[in-house]
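# fold the following, please.
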Amino acid sequence: MIMSPSYWFESSTVNFEIGGQTMTLETGRLAKQAAGAVVVSYGETTVLVTAASAKAREGIDFFPLTVDFVEKTAAAGKIPGGFFKREGRLSDREVLVSRFIDRSIRPLFADGYRDETQVIATVLSADGENAPDIPAFIGASAALHISDLPFIGPIAAVRVGRVEGSLVTNPTKTQRDESDLELIVAGNADALVMVEGGGNEIGEAEMLEALRYAHDQLKLQLPPQEALREQAGKPKRDIAPPADASEVAAKVEALVGERMREAVQIPEKKARYAALDALDKEAVESLVAPFRDEKVSFASLADIEGRRAELGQLTGQAKGATHDLRSKLMRERILKESVRIDGRGLRDVRPIACEVRPFPRVHGVALFTRGETQAMVSATLGSAADAQTIDALTERYSKNFLLHYNFPPFSVGEARFLRGPGRREVGHGTLAERAISAVLPDLENFPYTVRVVSETLESNGSSSMATVCGSSLALMDAGVPIRAPVAGIAMGLIEDGDDIAVLSDILGDEDHLGDMDFKVAGTRSGITALQMDIKIRSVDWKVLESALEQAKEGRLHILDRMEAETKAELGGAFGPRTDLSDFAPRLEAFWIKPDRIRDVIGPGGRVIRAIQETTGVKVDIEDSGQVQVFSPNLENLEKARQMIEELTQEAEVGRIYYGKVKRITDFGAFVEIFPGTDGMIHISHMAEGRVERITDVVEEGDEVVAKCIDIDPSGRIRLSRKEALAELTE
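Presented below is the predicted three-dimensional model:
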């Protein structure tokens, strides 16, 4: 008997309104073997999100979570470009969405959960107006919430834009193009847990208003997820709580507590790590050695495996105790004494050193050092042909500003294989790119493709914000006319009950052991980029407001230091150089009539190739008629421009030309007044008096002077040799 599809599944569906459109959550129809699977539809955009797990691998002492957001080109009715014609490694956009979901859901799993867990969001349909990233996030939370995995949810996310001064929930592509603000905000009923976005120099009060608005909007998406769980949720699996390690922690503190208290106060990172690592090893060895060296007889293989497991558990508890003791001592000192690891106060920014043009051949380069964090940032200018073509899911476009962030292992004193950029590098580079993009000149006024590369040479906190500062300096050094310098700062938070400390310019340890990582970049006028991760259940809005104001204070201080360090080197003003580097190529853009493009290109491209080979320049011509001439020097650029103008110049009535006679007829002579453009001198305009035959005055190949006396509506040019001679002899 063949069963109808209705017997194969029982689906559950929840609908709700958000951002003026209906969002639908459905489970039970697709991917039923996953631990949790939800299909999210918003407009005509549809995303399938699945959650699955496998047994924990032996020896794993962390939570192995993987999140992948995958855009299938079939969802937009496209076939992948390239040779292989199938989806390959994740694009940068897919990586960024994956990171956004990962960072938000990772802290919400039960303590002690170590099973291999994977969340996959697959775009099934894309309408080009409603971005699939927010539905993917909602689907990830819902799939985990209805599954048996120990996820403490739900959470939700929303995109916020601002169009004509009004905040908009989940703006469409058309609205995003008009918006001066874009935030992606994730949170639960109590507070925000993640923020990513930026704007065009947004004030702190306006940013806080947008965050409050986002929280109100995302809370609307929590009850529907609860409703879906009521319909189709599975009982949560039991997770054994971590074994009581209080006895081990007490022993560790008794063994090394006082010496560790001194070690966490060592300002220099390498010396501090060396001292702490030595104490960690001493504490672990002191606790494990008696157990390991104890003489025990085993009756079976199971006894041996059990003993090995006990040793592993004790070792893990000892290592965890030393880590927790580090955190406790560092946090206590900050909260009770308002003194940080390196001796700074809560609002103090580390010493800053800046240098522009430390190396001669680069178009623009800056060295930015803040404490033990250092970034070398270069800016390179190229032509339109150097722009990156992005073959996105629903559109294809050119990207004329690129910012790439690299984090080599030596920056933290490590040695490992160099591979392609990881997800962290993609995320940090995108954050810095967003911060700088807001102050870049319009392409019409500065038609260069600009690539900025940040090499992290040393890292101890906030290398992404060092990249922002270094990028701003490198662009000004290159002569890119940015509207204003940009600086960035990373803020932190230590909270214990009612005791709260907001930290400016955090170190790596303060990030790792703290409760919040809050990066803010912007100009003196406002915020251009924002990123926030919260590691505790909630942060009070007053604390968030205080952090924004403290970040502004730090940002302005950094801009002051950047100005003091580089103003003289940049020519006496804290802004872009007035001239490009001697080694930077020259680019000039001008317009020709679109119907004259063929004259510049020539049959089979022969004319434009000849121009480029003769002058050594690169010529790009847009369909609109914009011509960009890209040259290593001004002389060749002017030569190429002159050649193009000669090919495309238009005749003007009243102007005198020197041309060559190309053809003679009984009634006149056709004269080429410039390449590709002929005019006719009628026999009556050949000379004063009556002319019997044209050949009495000129022959083919002769050079003659002629004045343009008329251009008829069809473009035919009438010339007069007689009037030209009369005018020249006056």
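# in the helix or strand containing residue 310, which residues are buried?
If you go by DSSP states H and E, residue 310 is part of helix 301-337. Buried residues in helix 301-337, counted by 16 or more other CB atoms under 10 Å: 314-322, 325-331, 333-334. Bear in mind the C-beta positions are built from the backbone N, C-alpha and C, glycine included.
# again with stretch 251-270
In stretch 251-270, counting by 16+ other CB under 10 Å, buried: 251-253, 255-256, 260-261, 263-266, 269.
# what does that stretch rub up against?
Stretch 251-270 has contacts (CB atoms under 8 Å, 6 or more residues apart in numbering) with 272, 275-276, 279, 282-283, 286-287, 318, 321-322, 325-326, 329-330, 333, 341-343, 372, 413, 460, 507-508.
# chain center to that stretch: distance?
How far stretch 251-270 lies from its chain's middle: 39 Å, per CA atoms, centre = their mean, to the nearest Å.
# can you tell me how far the residue nearest to the spatial centre of the chain is from residue 196?
For the chain, the residue nearest the mean C-alpha position is residue 430 (1.8 Å; CA atoms, centre = their mean). According to CB to CB, to the nearest Å, residue 430 stands 9 Å off from residue 196.
# ok, the buried residues of stretch 251-270 vs residue 711, which is closest?
Ranked by distance to residue 711 (CB to CB), the buried residues of stretch 251-270 are led by residue 269 at 75.7 Å.
# if I look at residue 448, how far off is residue 385?
Counting by CB to CB, the gap from residue 448 to residue 385 is 11 Å.
# which one's more surrounded, the two?
Using other CB atoms under 10 Å, the more surrounded residue of residue 448 and residue 385 is residue 448, with 29 against 12.
# gap between that one and residue 473?
With distances taken as CB to CB, residue 448 is found 18 Å from residue 473.
# re earlier: the residue nearest to the centre of the chain against residue 92, yeah?
Yes - Residue 430 is within contact range of residue 92, at 7.1 Å (criterion: CB atoms under 8 Å).
# mind telling me what element the residue nearest to residue 82 when sequence neighbours are not counted is part of?
Distances taken as CB to CB, 6 or more residues apart in numbering place residue 88 nearest to residue 82, at 7.6 Å, with adjacent residues excluded. Under DSSP H and E, no helix or strand contains residue 88.
# what's the pLDDT at residue 88?
We have a pLDDT of 82 for residue 88.
# from residue 427, how far off is it?
20 Å.
# more neighbours, the two?
The neighbour comparison of residue 88 against residue 427 (other CB under 10 Å) goes to residue 427, with 22 against 8.
# tell me who's in contact with that one.
By CB under 8 Å, 6+ apart, residue 427 lies in contact with 95-96, 99.
# how about CSV for the residues you listed, with distance to residue 72 added?
CSV is the format used below for these (distance: CB to CB, whole Å):
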residue, distance to residue 72
95, 16
96, 17
99, 20
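# just for the stretch 251-400 of the chain, where's the confidence low?
296-299, 303 (pLDDT under 70).
# redo that, cut-off 80
Along the stretch 251-400 of the chain, the parts satisfying pLDDT under 80 run over 288, 290-314.
# wait, is residue 339 part of a helix?
No - read with DSSP: H, G, I helix; E, B strand; the rest coil, residue 339 is coil and lies in no helix.
# that one: how many residues sit nearby?
13.
# repeat for the one 10 residues further on
Counted with other CB under 10 Å, the burial measure for residue 349 works out to 17 neighbours.
# pick out whichever of the buried residues of stretch 251-270 sits closest to residue 708.
Of all the buried residues of stretch 251-270, residue 708 sits closest to residue 269, with 76.4 Å by CB to CB.
# so residue 487 makes contact with residue 563?
No - checked against CB under 8 Å, the pair residue 487 and residue 563 is beyond contact range at 10.0 Å.
# who has more neighbours, these two?
More neighbours surround residue 487 than the other of residue 487 and residue 563, with 28 against 16 (other CB under 10 Å).
# on the pLDDT front, check the more buried one for me.
97.
# look up how far residue 71 lies from the residue nearest to residue 82.
The gap separating residue 88 from residue 71 is 12 Å, by CB to CB.
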